[in-house]
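S.K.: attaching a predicted model along with its sequence, questions to come.
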Amino acid sequence: MSLARSTKNIKFFLDPPYYKRKPDRKSLIKHLHEYLAALDGDAEHPCLHYFITKIFAEHGNENKSFDDDLTGKGSLNEHIPVCLEALHHHSRIGINAKFMVTLGGLPLLMEVFKYLKQVHQDTVDNLIMLSRTISNMSVHGDLLQDFYNSGWVKVLVMLSQHSDIRVAGPAQRALANLDVDDNLYGGGLKFYRRIYQLYPTERVNFQPKLDVVFVHGLLGGLFITWRQRDLGEVGPKSPFSLLGKRRTIPFKGIFTDETDRLRLETQVARHSNMDDNFIMDMDGKDTDENIHDNDLEIVMSDLPVDANRNFCGGFYSIKEGEKCATSQPSRCWPKDWLAEDCPNIRIMGVNYETNISLWNPICPKLRSSRTLQDRSTGLLRALTKAGVGRRPIVWVSHSMGGLIVKGMLIQASESSDPEKKALYTNTKGIVFYSTPHKGSHLATLTQPSQIILWPSIEVQELRENSPGLLQLHEKFLDLVEKTPLKVLTFAERNSTYVTSMKFEVRFVDAISADPDIGEMYGIPLDHLSICKPACKQSFLYQKVLTLIKEVLTDVYKPFCAF
């Protein structure tokens, strides 16, 4: 496994058994049916039973031949993806993944993989399901020999290099779980299904000095929330703006006095470093055409429009000759950008499921763990198993993710387990992207609206001025007072356009977004875009990078030089 995580050359690894033998599609689907039936007989999982009853209902009819029902090529296209989805869902629950291996799931999934490649159906969606399922099985390190014998080590190395991070990420996690001899953070690390180590993804010969952990919010995802913002994504409000002749940006909002407002404007002007000869009036001109003109200096619209009195600069603009757009947009900027700018850290990502309505089907086995407290408890346990707490920590959160982070810190501070306690004592900084510390007015629904929407547990807990949220925040402020840490907040100042309902709405207002501590900046972006920098020169990214470097310097002053 050390070699599997140290090289990209798949020629070092053996092919799966009978790799060149072509699988038969009818027998493959039949084996999948039998395998699912065997799993259903030994596991109390209503979702799996429902799937078998509905999807394979006709196959259970004694008067109808199973083979006769698989004569059309469309059967493969229909059954393989849904079977993979069912197996992935089943593998998410506790001991199920290990039992799936015991019943011969690894060789069967290898046959599925071979067939998908053979008929050119190895689409991204199918590979995502395969990669995630195998990754869930990999948590059980005592099954390493089963992975080796079935040929999955070579395939995982290949999938870990896939261009789509949604395929590569789970494969990299599987290899890390199977690498039981890795001595990172003293060894013994486990990455459960909601935890990803984004960097380093290979074996390294150094011990990271800091953990940076990313936690997304409601209806988000690790590879959705933290992607780079498309340059045209914000519609009529372009992510770029060109400074006018005054070299200032009109600031308004939550300043304590006129002095603070002028100080912020002065800092932005000072950081622009523009020559009057290079300033142009861009009214009526094509921004996309001019952003690459070396005679212009471009400033991101990510720059704040307001701030509290604790702001300390760090504004950044694109200097002459730099390009904001990249040839290959990042699907996960923490992995692609932070790893390059801070190679001596470890980058972790959390990925969990959320719902806004109970009309959406939720697995009965997973429904009981959807409160903020339960999520915090589960993620605290999983992150501790992944070694979070053994080094200084900086948290980066979006929306509801910030509430989960606060919940984890409070639970860790009250824990008698020294490993969990360390997660609190080693926290050095937190970044909040539009976190509703006092709730959201959108979650405060009228009775008729509640009947129509049937809000999920997550939405119910986000009610404006919810006693639970206010108590959570009060405890958090007490913790920060006892153990000082850096707090950086970005608050949305634009409404979010809800396409399905065709109206704009502000998800988190200025009061709720304010954590009452640390630096806070109002950003002219909506709730979905505020955590997606347009490029590395974005204020949204540069401020986070500055905070991380400050923490590294504070903790390791004799050893760090930037």
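M.R.: Happy to help now that I have it.
S.K.: contacts, neighbours, all on C-alpha from now
M.R.: Noted.
S.K.: any regions of the chain where pLDDT drops low?
M.R.: Under the criterion pLDDT under 70, the flagged ranges of the chain are 19, 43, 56-77, 231-301, 309, 313-327, 355-369, 442-459, 498-503, 558-562.
S.K.: go ahead and confirm residue 122 touches residue 129.
M.R.: No - with contact defined as C-alpha atoms under 8 Å, residue 122 does not reach residue 129; the gap is 10.8 Å.
S.K.: what's the burial count for residue 15?
M.R.: Residue 15: 17 surrounding residues under other C-alpha atoms under 10 Å.
S.K.: contact partners for the closest residue to it other than its chain neighbours?
M.R.: Sequence neighbours aside, residue 151 is the residue nearest to residue 15 in space, at 5.9 Å (criterion: C-alpha to C-alpha, 6 or more residues apart in numbering). The neighbours of residue 151, taking C-alpha atoms under 8 Å, 6 or more residues apart in numbering as the test, are 14, 15, 16, 17, 110.
S.K.: what about 7 Å?
M.R.: Residue 151 makes contact with 14, 15, 16, 17, according to C-alpha atoms under 7 Å, 6 or more residues apart in numbering.
S.K.: just give the closest residue to residue 10, not the sequence neighbours.
M.R.: Using C-alpha to C-alpha, 6+ apart and skipping residues adjacent in sequence, the residue nearest residue 10 is residue 154, 6.2 Å away.
S.K.: tell me which element the one you found is part of?
M.R.: Element membership for residue 154, per DSSP states H and E: helix 152-159.
S.K.: so which elements touch that helix?
M.R.: Applying 3 or more C-alpha pairs under 7 Å, 6 or more residues apart in numbering; DSSP states H and E, one finds that helix 152-159 contacts helix 165-178.
S.K.: ok, then the element right after the helix it packs on?
M.R.: strand 195-199.
S.K.: quick one, what contacts the residue nearest the centre of the chain?
M.R.: The residue lying closest to the centre of the chain (C-alpha atoms, centre = their mean) is residue 222, at 1.5 Å. Residues counted as contacts of residue 222 (C-alpha under 7 Å, 6+ apart) are 216, 349, 350, 351.
S.K.: confirm the second one sits in a strand?
M.R.: Yes - according to DSSP: H, G, I helix; E, B strand; the rest coil, the state of residue 349 is that of a strand.
S.K.: that one: neighbouring residues, count only.
M.R.: 24.
S.K.: do the same with the first one
M.R.: Here the count is done by other C-alpha under 10 Å, and residue 216 has 26 residues near it.
S.K.: do the same with residue 192
M.R.: For residue 192, the neighbour count with other C-alpha under 10 Å is 24.
S.K.: now for it: which residues touch it?
M.R.: 139, 382.
S.K.: so residue 492 versus residue 5, what's the distance?
M.R.: Residue 492 is 40 Å from residue 5, where distance means C-alpha to C-alpha, to the nearest Å.
S.K.: where do the strands sit along the stretch 301-450 of the chain?
M.R.: 306-307, 346-350, 393-398, 427-433 (DSSP state E, counting those that start in this stretch).
S.K.: nearest to residue 187, of those?
M.R.: strand 346-350 (14.4 Å; C-alpha to C-alpha).
S.K.: contact partners of the closest one?
M.R.: For strand 346-350, using C-alpha under 7 Å, 6+ apart, the contacting residues are 194-200, 208, 210-215, 222.
S.K.: if we use 6 Å, what do you get?
M.R.: Identification of contacts with strand 346-350 by C-alpha atoms under 6 Å, 6 or more residues apart in numbering yields 194, 195, 196, 197, 198, 199, 208, 211, 212, 213, 214, 215.
S.K.: cool, stretch 478-496 as well?
M.R.: Here stretch 478-496 makes contact (C-alpha under 6 Å, 6+ apart) with 428-434, 504-506, 513, 518-527.
S.K.: how distant is that stretch from the center of its chain?
M.R.: Here the centre of stretch 478-496 is set off from its chain's centre by 19 Å, with C-alpha atoms, centre = their mean, to the nearest Å.
S.K.: and it, how far apart are its ends?
M.R.: Across stretch 478-496, the terminal residues are separated by 33 Å (C-alpha to C-alpha).
S.K.: buried residues, that stretch. List them.
M.R.: 479, 485-496 (16 or more other C-alpha atoms under 10 Å).
S.K.: repeat that for stretch 408-415.
M.R.: Buried residues in stretch 408-415 (16+ other C-alpha under 10 Å): 408, 409, 410, 411, 412, 413.
S.K.: in CSV: those, plus distance to residue 29.
M.R.: Output for the buried residues of stretch 408-415, formatted as CSV (distance: C-alpha to C-alpha, whole Å):
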residue, distance to residue 29
408, 44
409, 47
410, 49
411, 47
412, 47
413, 51
